[in-house]
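**Student:** My questions concern the predicted model and sequence given below.
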Amino acid sequence: MTRNDILNGLQSLRAKEVSRIESNPHKPFKVGLVYPNTYFVGMSNLGIQIIYEEINKRPTSCGERYFLPPNSELRDYEKHRLPLMSVETQRPLNECDVIGIDITFEMDYFNIPTLLKLGRVPVKRIHRIERDPIVIAGGPCATFNPEPVSDFIDAFIIGEGEELVPRVLDIIEQGRNEQWLRSDILQALSKEPGVYVPALYEPQFDESGRFTGYRFVEDISGSIEPIAATATENVKNTNLAVSTGCVIPKVTRHWKSLDTVGETVIATDFTEFGAMYIVEVARGCGRHCRFCMAGYCYRTPRVRRLDLLKEGVDRAAALNKKVGLMGAAISDYPDIDELVTYIRSKGLRYSCASLRADSLTQAVVDGLAASGQQTITIAPEAGSDRLRRVINKGISNEDMAKAVKLAANAGIPHIRLYIMVGLPTETEDDILAIVSMAEDVYRYMQEAGCKGRLTLSVNPFIPKPFTPFQWMPMAHQKEVTKKLNTIKKALSKNRRIEVLVESPKEAYIQGVLARGDRRLGDIILAAVEAGGPKQFKKVCSDFDYDMEAALYTERALTDPLPWDMLDMQLADDYLAAEWQRSLTEVYTPPCQTGCKRCGVCVG
């Protein structure tokens, strides 16, 4: 591929897009919005589209998008010594004033050094000089634990970017215009609620390499002196946290009400989801599934008004696009039947990001069938009632039987089940229960007249920060592999039952990255230089980083955690109390109006 081929390829992508907002290259303040994966993957992400609109609505800022070139093109970039360029104008990344990275998946961590290096931007923040762009990052991974990639990022958006991103850009633009030092800009950003500046927090480790907390750096623009230890009274009320004997400021997650439509800004057919117009129905989830980071980091659950969603559907209709309904549990939306009826009245097809078997309706399923969907997906997560009580997943076999019947009535032939293996307290009986559940669901399909295939999508469980299971070890990889083989073997006799398994090796890399500390930055960078994620385990060994200890050590409820500097606004000891409730299989009911038990809605 020649240099012109690469340039023409970017221009071709842009020419095939339909955008609701203009990216004006003549605006003086340049913002590079980066998704650390390919265009095909990144343009399916609603978050990057929402922030793109936020940036370009500012009077002085021009936002342009940057994506990871496909592997075949990466070699051509190196061959022709081309920098990473934007889709909009082919502007080199290092010519931006600000770079914003949307981090959604742990495995994309390995793409961040590649993108920065290709963009002619120093990979590590400590190597950047005054003229280099300020690199900020946001997204789910940045919100629950930014530390593994904090060597590469100057500042993180903690929580949701709407309304906060413009304020962050105001500070950086003012600093650039008034010729502030880079350190002064970061110091100013750190005072903005919802912004985490890692240079202010120095991780501490004991002689054995165990993380022990943070030393807070009061001023990175002048002399660097740690804040002295102070009294711990009213730690939560003053938004402080205790770490290594000192009190450190905590960064409070930013979130907002959903008073506008969250929807596709740039429509293109060349995405992972195809020709789909995404409309966000709700954000957050109040079901209290104890394994789900989104349920805790994006509280309180919020739904958009039906009239706003209809406006989004109207814009999808103008483009004749299939509507993709986005949210944690679409079937929980209170006006879901009216919404899908409206979509169908416009002659449009639709699909749903997620459904719950216990709130599924015939209207929703009929609409999916009319949209050409051939599979209904249900997420019981575990096979036994006991283990579902542990994880607070209120789905019963009766709920699944009902969902199968609804699918059969609509003429949808296939059923998919999402399952996790390696959940806390899991026993051999729970694994056998997965097999029994699959056989029961297949029987429901036969009885209801579903003539298709039952697919089990089975993944190793990864404990995530800010969930009641954050202190728990992962189940050992050999043990999980054995359990996965047991499930596959037991169900292999029925050719109409398919078992799909995520690579355990990749899941265990994710397990380290999800709950890791700042030492992982050097390891990620070395793994990238050595060839990518497949080198991660070896590089951990080279750096004397105990991967097994990171995965398999149960942490005490009082142990310092790498994400302790963040505040999701949950009440003190709430997660620990939920962990205890899981052990006694006590049900936690969904969020309700006026409820204040978790602390997020207090005040």
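**Tutor:** Sure thing, it's come through.
**Student:** C-alpha only now, for contacts and for neighbours.
**Tutor:** Fine.
**Student:** Pull the distance from stretch 395-410 to the chain's centre.
**Tutor:** How far stretch 395-410 lies from its chain's middle: 29 Å, per C-alpha atoms, centre = their mean, to the nearest Å.
**Student:** mind listing what's buried in that stretch?
**Tutor:** Residues of stretch 395-410 classed as buried: 395-397, 399-410 (neighbour count, 16 or more other C-alpha atoms under 10 Å).
**Student:** which one of these is nearest residue 598?
**Tutor:** Nearest to residue 598 among these is residue 395, at 22.4 Å by C-alpha to C-alpha.
**Student:** How about the contacts made by that closest one?
**Tutor:** Neighbour list for residue 395: 357-358, 380, 388 [criterion: C-alpha atoms under 8 Å, 6 or more residues apart in numbering].
**Student:** Skipping its backbone neighbours, what lies nearest residue 314 in space?
**Tutor:** residue 346 (7.9 Å; C-alpha to C-alpha, 6 or more residues apart in numbering).
**Student:** Next, count neighbours for residue 76.
**Tutor:** For residue 76, the neighbour count with other C-alpha atoms under 10 Å is 17.
**Student:** which SS class is it?
**Tutor:** Under DSSP: H, G, I helix; E, B strand; the rest coil, residue 76 falls in the helix class.
**Student:** so what's it up against?
**Tutor:** Residues counted as contacts of residue 76 (C-alpha under 8 Å, 6+ apart) are 1-3.
**Student:** Then residue 403?
**Tutor:** For residue 403, the contacting residues are 357-358, 360, by C-alpha under 8 Å, 6+ apart.
**Student:** can you do 6 Å?
**Tutor:** By C-alpha atoms under 6 Å, 6 or more residues apart in numbering, the contact set of residue 403 is residue 357.
**Student:** Begin at 44, not 1, for the rest of this chat.
**Tutor:** Right, with 44 as the first residue, what we last looked at is residue 446.
**Student:** measure it to residue 489 for me?
**Tutor:** Going from residue 446 to residue 489 by C-alpha to C-alpha, to the nearest Å gives 13 Å.
**Student:** ditto for residue 70
**Tutor:** Look at residue 70 and residue 489: by C-alpha to C-alpha, they are 62 Å apart.
**Student:** what about the helices in the stretch 244-393 of the chain?
**Tutor:** Along the stretch 244-393 of the chain, the stretches classed as helices by DSSP state H, counting those that start in this stretch are 336-340, 349-362, 379-388.
**Student:** Under the pLDDT cut-off, which ranges of the stretch 394-543 of the chain? List them.
**Tutor:** Scanning the stretch 394-543 of the chain for pLDDT under 70 picks out no residues.
**Student:** hey, where'd the helices end up in it?
**Tutor:** Listed in chain order, the helices found in the stretch 394-543 of the chain under DSSP H, counting those that start in this stretch are 405-413, 428-434, 440-453, 471-491, 520-534.
**Student:** Output the ones you listed in JSON lines; the columns should cover distance to residue 547.
**Tutor:** As requested, those are exported to JSON lines (distance: least, C-alpha to C-alpha, whole Å):
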{"stretch": "helix 405-413", "distance to residue 547": "32"}
{"stretch": "helix 428-434", "distance to residue 547": "21"}
{"stretch": "helix 440-453", "distance to residue 547": "27"}
{"stretch": "helix 471-491", "distance to residue 547": "17"}
{"stretch": "helix 520-534", "distance to residue 547": "7"}
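**Student:** Nearest to residue 645 among the ones you listed would be which one?
**Tutor:** Closest to residue 645 of these is helix 428-434 (C-alpha to C-alpha; 24.9 Å).
**Student:** Check which residues of the closest one are buried.
**Tutor:** The neighbour-count check on helix 428-434 (16+ other C-alpha under 10 Å) flags 428, 430-434 as buried.
**Student:** what's the answer for stretch 54-62, then?
**Tutor:** Neighbour-count burial for stretch 54-62 [16+ other C-alpha under 10 Å]: 54, 57.
**Student:** Look at it and report the distance between its end residues.
**Tutor:** With C-alpha to C-alpha as the measure, stretch 54-62 spans 14 Å from end to end.
**Student:** Could you report the pLDDT at residue 638?
**Tutor:** On pLDDT, residue 638 comes in at 86.
**Student:** so it, which of the three states?
**Tutor:** Per three-state DSSP, residue 638 ends up coil.
**Student:** Number of residues surrounding the closest residue in space to it that isn't next to it in sequence?
**Tutor:** Once flanking residues are discounted, residue 638 sits nearest to residue 644: 7.3 Å by C-alpha to C-alpha, 6+ apart. Residue 644 has 15 neighbouring residues, counting by other C-alpha under 10 Å.
**Student:** just the strands in the stretch 44-193 of the chain please.
**Tutor:** Taking DSSP state E, counting those that start in this stretch, the strands of the stretch 44-193 of the chain run over residues 61-62, 72-78, 104-110, 141-145, 177-181.
**Student:** So which elements touch the second one?
**Tutor:** Right, the one you point to is strand 72-78. Contacting strand 72-78 under the criterion 3 or more C-alpha pairs under 6 Å, 6 or more residues apart in numbering; DSSP states H and E are the following elements: strand 104-110, strand 141-145.
**Student:** Please confirm that residue 205 is located within a helix.
**Tutor:** No - under the criterion used here (three-state DSSP), residue 205 is coil, not part of a helix.
**Student:** gap between it and residue 611?
**Tutor:** According to C-alpha to C-alpha, residue 205 and residue 611 sit 17 Å apart.
**Student:** Pretty sure residue 566 sits in a helix.
**Tutor:** Yes - Residue 566 forms part of a helix when assessed by three-state DSSP.
**Student:** Residue 105 versus that one, what's the distance?
**Tutor:** Separation of residue 566 from residue 105 (C-alpha to C-alpha): 34 Å.
**Student:** between residue 205 and residue 611, which one's more packed in?
**Tutor:** When neighbours are counted by other C-alpha under 10 Å, residue 205 and residue 611 differ, and residue 611 comes out ahead with 22 against 19.
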